[in-house]
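>>> Next input, structure requested:
(one chain, ligands or ions: 1)
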Amino acid sequence: MHWRIAARPRGRELRIDDFTAHQDEPREPLQPGEVRLRTLLLSCDPAQKGWMENAGGYAAPTNVGDIMPATGIGQVIESGVAGLVPGDFVAGPLGWRHEAVVAAALLDKLPPDRERLPMHLGALGGSGLTAWFGMATAAHPDPGDTLVVTGAGGAVGSVAGQIGRIAGCRVIGIAGGPAKCRWLTEELGFAAAIDYKSQDLKAMIAEHAPGGIDILWDNVGGDQLDTLLGRLALGARVVLCGGIARYEQPGRPAGPSNYFNLVFRRATMTGILLTDHKADFPRARQRLAGFVDSGQIRTREDIAEGLEQAPEILMRLFRGENIGKLLIRVADPE
Ligand SMILES: NC(=O)c1ccc[n+]([C@@H]2O[C@H](COP(=O)([O-])OP(=O)(O)OC[C@H]3O[C@@H](n4cnc5c(N)ncnc54)[C@H](OP(=O)(O)O)[C@@H]3O)[C@@H](O)[C@H]2O)c1
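The predicted structure follows:
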């Protein structure tokens, strides 16, 4: 089966009826350069909602009726290209479908390590790479810096915080709920975690970052960004990675009222985009894998079962129900 986009969820929450389930058509012969894949795992990304909305920006346009786009990991069933044979594992734009025909040029061949396959959509995939390039090109961490990460219990935030910790920063994570906060401090080596759902962010950040914030990694935007801008240290770097607080809201949010603190603190605010760094992915993946091998970066994949449940699983991201990288298991490797 496969899922298609049925509506554009602009300015509101995702709904089950934004998607329609379809039976697959009979197989067509492969065209030159194509491979046929069995989908094993699918990545859940907040950006998928933006793709459905055709919100503009960097994503390829979508149409209502298109197969729901998603990055995933597949196993080659049939190949018309050199270098890929049945049984190989690849990552790429598979979409919400049990079986996909994809141009080989869009696929990355993965090592045959089955245990690590989920990691190639998380810490060693787009989430980890976003954290890597954002930290390297915009955050510029120095030992002793205070790094604050919003959305810290998720896929990108958990890796960004750990990269900062490795660079010698004192890392404070902001996340929803005690379980995420415990994971950050007890397992990932964050110095502190603030549960924004039950604690007063303004008071807690004053307590945990008395000298101000040197690096603010923001995945959330909205009120959290505004509150944290009010506590920047001199020369702070604000890295804008995402703004999930606005993804389900109608219209555009009001600008942050504390933005003028950038002037008082001679701070910078930089937007980052993963897709700017494609040429450097292999080297960055190698560095991230080294940190995973040595135990300096810990990863967590939150794997939910079944393509049939895909819409419901994607919605969990927007309810904050994932810890670490949210994935959909479609099938086991053969
Ligand atoms: N710039 C780039 O190239 C790039 C690339 C990848 C991702 N991103 C962005 O990075 C951010 C994190 O993505 P991810 O894949 O790592 O997702 P994620 O953090 O694994 O999952 C989303 C998390 O966001 C939090 N959240 C959801 N709704 C929220 C709200 N209204 N207010 C505050 N927090 C909310 C939830 O955690 P809590 O329980 O803590 O609320 C949820 O678990 C997203 O904004 C995404 O768009 C940017």
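
>>> Which parts of the stretch 1-150 of the chain are strands?
2-5, 19-22, 34-43, 71-79, 89-93, 99-103, 108-109, 146-150 (DSSP state E, counting those that start in this stretch).

>>> I'd assumed Thr62 was in contact with Asn54.
Yes: counting by C-beta atoms under 8 Å, Thr62 is a contact partner of Asn54 at 5.7 Å. Backbone N, C-alpha and C define where each C-beta goes, glycine included.

>>> where does the stretch 51-200 of the chain have low pLDDT?
57 (pLDDT under 70).

>>> contacting residues for the residue in it that the ligand sits nearest to?
Distance from the ligand to each residue of the stretch 51-200 of the chain (C-beta to the nearest ligand atom) is smallest for Gly154, at 1.7 Å. Residues in contact with Gly154 (C-beta atoms under 8 Å, 6 or more residues apart in numbering) are Ala175, Asn219, Leu317, Asn322, Gly324, Lys325.

>>> According to the record, where do the domains of the chain fall?
As assigned by automatic domain parsing, the chain contains the domains 2-122+299-329, 126-275.

>>> follow-up on the earlier one: for Asn54 and Thr62, indicate the residue with more neighbours.
Between Asn54 and Thr62, counting by other C-beta atoms under 10 Å, Thr62 is the more crowded of the two (19 against 16).

>>> Assess the claim that that one and Pro69 are in contact.
Yes: the pair Thr62 and Pro69 qualifies as a contact (C-beta under 8 Å) at a distance of 6.5 Å.

>>> picking up where we left off before, and the contacts of Gly154 near the ligand, which?
Ala175, Asn219, Leu317, Asn322 (C-beta under 6 Å from any ligand atom).

>>> Wait, a helix at the third one?
Yes: note on Leu317: a helix contains this position according to DSSP: H, G, I helix; E, B strand; the rest coil.

>>> so what's it up against?
Counting by C-beta under 8 Å, 6+ apart, Leu317 has contacts Cys44, Asp45, Pro46, Gly154, Leu326.

>>> Checking the last one next. Helix, strand or coil?
This points to Leu326. What three-state DSSP gives for Leu326 is strand.

>>> before we move on, back to that, just the buried residues of the contacts of Gly154.
Buried subset of the contacts of Gly154 (neighbour count, 16 or more other C-beta atoms under 10 Å): Ala175, Asn219, Leu317, Asn322, Gly324, Lys325.

>>> Let me see the confidence value for the third one.
pLDDT recorded at Leu317 is 97.

>>> State the distance from it to Ala105.
Here the distance between Leu317 and Ala105 works out to 29 Å (C-beta to C-beta, to the nearest Å).

>>> The second one too?
Per C-beta to C-beta, Asn219 is found 31 Å from Ala105.

>>> Quick check: Leu129 touching His277?
Yes: contact criterion C-beta under 8 Å: Leu129 and His277 qualify, at 7.1 Å.

>>> Compare the two and say which is more crowded by neighbours.
Neighbour tally, Leu129 and His277, criterion other C-beta under 10 Å: the higher count belongs to Leu129, 22 against 18.
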